[in-house]
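> have a look at this prediction, sequence included:
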Amino acid sequence: MMNNLPQAEGLTVEFKTDFREEAAETLVAFSNARGGTLYIGVSDKGKVLGMTFGQETVQKWINEIKNKTSPQIIPDVEVLTIDGKKVVALSVIEYPIKPVSIRGKYFKRTGNSNHVLSIDEIANEHLKTINSSWDMYPDPIHTLDDISLDNVQKVMEILKNKGMTINEPALPFLSKYSLLRDGRPTNAAFLMFKKWDYVTTTIELGRFQDPITIKDMARSKSDILAQVDEVLNYVKKHINLEVIITGNAQNTQKWQYPLEAIREIVLNMIIHRDYRSSSDSIVKIFNDKIEFYNPGRLPDSISIEDLLSNNYSSTPRNKKIAEVFKDMGLIEKYGSGIKRIIGYFREENLPMPDFRNISDGFMVTVFSTTIENNTVVTKKHTKKIGKRTDGKGTEKDTEKDTEKAQKENIKGTEKITKNQQVILDSIFQNPHITSNELSAIVGIRADKIRINLSKLKAKGIIERIGADRGGYWKVVNNT
C-alpha cells in the first residue's frame with residue numbers, strides 16, 4: 001500500500017479520527033460489499049491528523065473486531081506515515097459468507113456511509129452466498145392446482161426447438177428443471193405458469209398527454225412470460241411509426257424508439273423485479289419519453305457508473321427465472337442487456353437512456369427526438385413534414401430546400417471528440433454528475449475532464465447552471 005490517501009470517502013474508503021465501535025461497523029459494511037480500507041487518524045474531510053499508539057493498541061483493535069463479528073473478520077493492518085504523521089489502515093476483503101454481523105447487527109455500504117440491513121436484505125445476502133435466490137424456493141401459498149400445464153407445455157416446445165432433449169411430461173419436466181420442490185411449485189414456477197391473473201405480477205401501463213393527464217391506461221396481471229409481449233404491444237400502440245421516403249420501390253419504416261432496446265428494458269424489468277415488494281411495475285408513455293419503473297433497486301455493489309461502463313458482475317435477483325428466459329432465447333447472457341440498450345439508442349442517434357435508483361426501485365427513462373423531412377405515420381393519422389405550404393413549389397423544389405437546410409445545419413455543427421460525446425451522454429443522464437464521476441466513466445484524469453467541459457462550454461454545447469458546488473450542467477445542443 002502506498003503512503004498516500006484516497007481523495008475522499010466512498011464505497012471502499014472511510015476516514016476516522018480514532019477507533020470506536022463505528023469503525024468496526026464500517027469494516028463489517030465493507031465485508032458485506034466489495035471490501036475496503038478504513039484509515040484511522042484522518043478527518044472525514046480527508047485531513048491527516050495522525051495519532052499516537054503502541055503496538056498493543058493495534059492488536060487490541062484487531063481482537064475487538066474479531067470477537068464482536070460473526071463470522072469473524074480479521075483486518076489486514078498497515079501503519080502509514082503521511083506528512084510526518086502516523087495513520088493506521090485497516091483493510092478487509094469482500095467476505096465469502098454473508099452477511100457479516102457485529103453484535104447481532106448487519107450493515108451495508110451505500111456510497112460513503114453505512115446503513116443497517118433490513119430483514120429482506122439479510123435474507124438476500126444469505127441466498128446469494130449459497131448461490132440461490134427467492135424464486136428458487138417453494139411458493140408457500142400456491143399449489144400445483146394453480147399451475148397451467150398448457151403453459152408449461154408451450155415452454156417445453158420452445159426449448160425443444162432450441163435443441164434441448166425433452167421427452168418427459170410436464171410435471172417431471174418441472175421437477176427436472178428444479179421448478180418443483182417438495183411437491184410444490186417454486187415461486188418462479190407460479191410466476192411463469194400461473195393459470196389466472198394475479199396481483200403479484202401487476203404492471204400498470206399508461207399513455208400520458210402530460211404529467212397529470214392520462215389518455216389511455218391498462219393493467220397486466222398475466223404470467224410473466226405473457227407479459228413480455230403484452231407490455232411491448234402496449235408501447236407500440238402508443239408510439240409513432242415513421243415511414244421514411246427513400247425514392248426506392250419500398251420506403252423504410254422506423255419506430256419512434258428502437259424496439260430491440262424497448263424489449264430489452266421490458267425483459268430486464270420482468271427478470272429483475274422484486275416480486276416480494278408491494279409496489280407495482282409502472283410504464284408511463286409521454287410524447288417524447290417513456291418511463292419504466294420496477295420494484296427492486298440495483299445491488300449496493302453496483303453503481304450507475306458501473307452499469308454504464310459494463311464494469312460489474314451480473315447477479316440476477318431471480319436466478320431461476322433468468323435461467324429459463326435465457327434457455328428460451330429471450331435473453332442472450334446475463335449482464336449484457338444494458339450495454340445493448342445503450343448501443344441501440346446510439347445507433348439511432350437518440351439521447352442516451354437515463355438509469356437511476358428511485359425510491360425502493362429502479363427506473364429507466366428513454367427519450368425520442370423529432371425527425372424532420374420524413375413522413376410520420378401514427379395509429380390515427382399521417383402527416384407530411386417538410387412539405388411546402390405556399391402552393392408554388394414542386395416536390396423537387398422541396399427536396400432542394402431540404403438538402404440546402406441539411407448542408408447549412410452540418411456547416412453550423414461543432415465537431416466533438418469521442419470522449420466529449422461520452423461526457424455529453426453522461427451529463428444528459430445525470431446533470432449533477434461530478435468531474436471525478438465523469439473521470440471514472442470516460443477513463444481519463446479529472447483535470448482532463450475539466451478541460452473537455454471547458455471546451456464544450458466554449459462551443460455552446462453545455463452550460464453551467466448555478467455555482468460550481470451545488471449547481472448542475474445543462475446540455476444546450478447535443479446534435
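Now that the structure is in, tell me what you want to look at.

> just give me the neighbour total for residue 79.
Applying the criterion other CB atoms under 10 Å, we find 14 residues in the vicinity of residue 79. For glycine as for every other residue, the C-beta is placed from the backbone atoms N, C-alpha and C.

> low-scoring stretches of the protein, by residue?
Along the chain, the parts satisfying pLDDT under 70 run over 1-3, 129-131, 244-251, 300-301, 313, 333-336, 370-414, 469-470, 477-479.

> distance-wise, check the closest residue to residue 189 other than its chain neighbours relative to residue 453.
When the adjacent residues along the chain are set aside, residue 189 lies closest to residue 179, with 4.0 Å between them (CB to CB, 6 or more residues apart in numbering). Residue 179 is 52 Å from residue 453, where distance means CB to CB, to the nearest Å.

> what does residue 343 give?
When distances are taken as CB to CB, residue 343 and residue 453 turn out to be 25 Å apart.

> quick check: domain ranges of the protein?
Domain assignment of the chain by automatic domain parsing yields the ranges 13-129, 135-196, 200-319+327-367, 381-411, 418-475.

> now distance to residue 6 too, for those, in a markdown table please.
Formatted as a markdown table, the entries for those read as follows, by distance: least, CB to CB, whole Å:
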| stretch | distance to residue 6 |
| --- | --- |
| domain 13-129 | 5 |
| domain 135-196 | 38 |
| domain 200-319+327-367 | 16 |
| domain 381-411 | 45 |
| domain 418-475 | 11 |
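
> mind checking those for the one nearest to residue 4?
Within the domains of the chain, the stretch nearest residue 4 is domain 13-129; the backing value is 6.7 Å (CB to CB).

> residue 343 and residue 453: which is more packed in?
Neighbours around residue 343 and residue 453, counted as other CB under 10 Å, are more numerous at residue 453. The numbers are 18 against 14.

> doesn't residue 299 make contact with residue 315?
Yes: assessed by CB atoms under 8 Å, residue 315 is found in contact with residue 299 at 6.4 Å.

> out of these two, which sits in the busier spot?
residue 299 (20 against 17).

> separation between that one and residue 86?
Remark: distance between residue 299 and residue 86 (CB to CB) = 36 Å.

> and what of residue 364?
Remark: distance between residue 364 and residue 86 (CB to CB) = 48 Å.

> ok, the two, which is more surrounded?
Under the criterion of other CB under 10 Å, the comparison of residue 364 against residue 86 puts residue 364 first, with 22 against 16.

> ok, so what distance separates the more buried one from residue 292?
Residue 364 is 5 Å from residue 292, where distance means CB to CB.

> now the common contact residues for the two.
Applying CB atoms under 8 Å, 6 or more residues apart in numbering, one finds that residue 364 and residue 292 are jointly contacted by residue 265.

> pairing partners for whichever strand or helix holds residue 282, with directions?
When elements are assigned from DSSP states H and E, residue 282 belongs to strand 281-285. Paired strands of strand 281-285, with direction, are strand 203-210 (parallel), strand 289-295 (antiparallel) (DSSP bridges).

> so which of those strands is nearest residue 16?
Taking CB to CB as the measure, those were each checked against residue 16, and strand 289-295 came out nearest at 35.5 Å.

> which residues does the nearest residue to residue 327 once chain neighbours are set aside contact?
Spatially, and ignoring its direct neighbours in sequence, residue 327 is nearest to residue 159 (6.0 Å; CB to CB, 6+ apart). Neighbour list for residue 159: 166, 327, 328 [criterion: CB under 8 Å, 6+ apart].

> I figured the last one hits residue 162, correct?
Same thing as residue 328. Yes: Residue 328 is in contact with residue 162 according to CB under 8 Å; the separation is 7.0 Å.

> residue 232 touches residue 267, doesn't it?
No: counting by CB under 8 Å, residue 232 stays clear of residue 267, with 9.5 Å between them.

> between those two, which has more neighbouring residues?
Neighbours were counted for residue 232 and for residue 267 using other CB under 10 Å; residue 267 has more, 19 against 16.

> how near is the more buried one to residue 432?
On the measure of CB to CB, residue 267 and residue 432 end up 30 Å apart.

> for residue 207, same thing?
Counting by CB to CB, the gap from residue 207 to residue 432 is 30 Å.

> what do residue 232 and residue 267 both touch?
In contact with both residue 232 and residue 267: no residue, using CB under 8 Å, 6+ apart.

> where exactly do the helices run in the stretch 1-150 of the chain?
All helices of the stretch 1-150 of the chain, identified by DSSP state H, counting those that start in this stretch, fall at 21-31, 55-68, 119-129, 149-161.

> distance to residue 211 added to the ones you listed, as a markdown table?
Listed next are those as a markdown table, based on distance: least, CB to CB, whole Å:
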| stretch | distance to residue 211 |
| --- | --- |
| helix 21-31 | 38 |
| helix 55-68 | 50 |
| helix 119-129 | 31 |
| helix 149-161 | 38 |
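
> which of those sits closest to residue 213?
helix 119-129 (36.1 Å).

> quick one: buried residues of the closest one?
121, 122, 124, 125, 127, 128 (16 or more other CB atoms under 10 Å).

> dump those to a markdown table, plus distance to residue 103.
Putting the buried residues of helix 119-129 into a markdown table (distance: CB to CB, whole Å) gives the following:
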| residue | distance to residue 103 |
| --- | --- |
| 121 | 18 |
| 122 | 15 |
| 124 | 21 |
| 125 | 17 |
| 127 | 23 |
| 128 | 23 |
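
> of those residues, closest to residue 101?
Taking CB to CB as the measure, residue 101 sits nearest to residue 122 out of these, at 8.7 Å.

> isn't the closest one up against residue 99?
Yes: with the criterion set as CB under 8 Å, residue 122 and residue 99 qualify as a contacting pair; they are 5.7 Å apart.

> what about the residue lying closest to residue 90 once chain neighbours are set aside, how many residues close to it?
Taking CB to CB, 6+ apart, and ignoring the residues beside it in sequence, residue 90 has residue 75 as its nearest neighbour in space, at 4.2 Å. Around residue 75 sit 22 other residues, with neighbours defined as other CB under 10 Å.

> tell me the phi and psi of residue 265?
Residue 265 adopts backbone torsions of phi -60, psi -40, taken as degrees, to the nearest 10.

> count the neighbours of it for me.
Close neighbours of residue 265, defined as other CB under 10 Å, add up to 26.

> so what's it up against?
So, once contact is read as CB under 8 Å, 6+ apart, residue 265 ends up touching 292, 341, 353, 364, 366.

> mind checking which of those are in strands?
Counting by DSSP state E, the part of the contacts of residue 265 found in strands is 292, 364, 366.

> ranges for the strands of the stretch 1-150 of the chain?
In order along the chain, the stretch 1-150 of the chain carries the following strands (DSSP state E, counting those that start in this stretch): 13-16, 35-40, 69-70, 76-82, 85-93, 101-102, 105-110, 113-116.

> do the stretch 351-479 of the chain as well
For the stretch 351-479 of the chain, the strands defined by DSSP E, counting those that start in this stretch occupy 354-358, 361-367, 375-377, 382-384, 462-465, 472-475.

> tilt between the second one and strand 281-285?
What separates the directions of strand 361-367 and strand 281-285 is an angle of 20 degrees, with axes from the mean of the first three to the mean of the last three CA atoms, to 10 degrees.
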